[in-house]
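> fold the following for me, if possible:
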Amino acid sequence: MSDEEIVDAVEEVEEEVAEMNVLDALKEVLKKALVHDGLRKGLHECAKALDRRSARLCCLAKDCENEEYKKLIRALCAEGEVSVIMVDSGKDLGAWCGLAKLDADGEVKKAVRTSCAVITDFGEETRALSVLLDYLQKQADGEE
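The predicted structure follows:
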């Protein structure tokens, strides 16, 4: 691959990422996982999935007050080499995981707060999944 081809490929990826940000991609991937029965919510289900090494991706809420909870999930993720995405609000994470009541317009009326969600099966390959996996790869490369 020539330098010019590499630059063109990088520009294409940057354009795709600009069209869909990481949070939108995460929402879509969580919904696909929910439909394909590949989503685990809450401490008990997430800990079991992480312990069994069936988890592919973990979402953890930043506003979780319990430090032991966050420590346990991070440790299990590190042990199983599972990527962790931090989400600002547990209410948002709960709504994205389908733990919400919707009004007639499809807007979230009441959401149950969840501090952790784990994806065990992404379902089908989508553009959102590729955007999310590219983001996680960049994060992993930045840590090394």
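> tell me which other helices or strands the host helix or strand of residue 131 touches.
Taking DSSP states H and E as the definition, one finds residue 131 inside helix 127-143. The contact analysis (3 or more Cβ pairs under 8 Å, 6 or more residues apart in numbering; DSSP states H and E) places helix 127-143 against helix 3-19, helix 22-35, strand 83-87. C-betas here are computed from N, CA, C, even on glycine.
> now residue 101: how far from residue 74?
To residue 74, residue 101 is 31 Å away according to Cβ to Cβ, to the nearest Å.
> just for the chain, where's the confidence low?
The model of the chain has pLDDT under 70 over residues 1-20, 143-144.
> now with 90, please.
1-27, 33-34, 37, 42-43, 63-66, 89-115, 122-144 (pLDDT under 90).
> on that earlier part again, with neighbour numbers in mind, choose between residue 101 and residue 74.
residue 74 (14 against 10; other Cβ atoms under 10 Å).
> which residue is the nearest non-sequential neighbour of that one?
Nearest non-adjacent residue to residue 74, counting by Cβ to Cβ, 6 or more residues apart in numbering: residue 84, 6.5 Å away.
> give me the neighbour count for that neighbour.
Residue 84 has 18 nearby residues by other Cβ under 10 Å.
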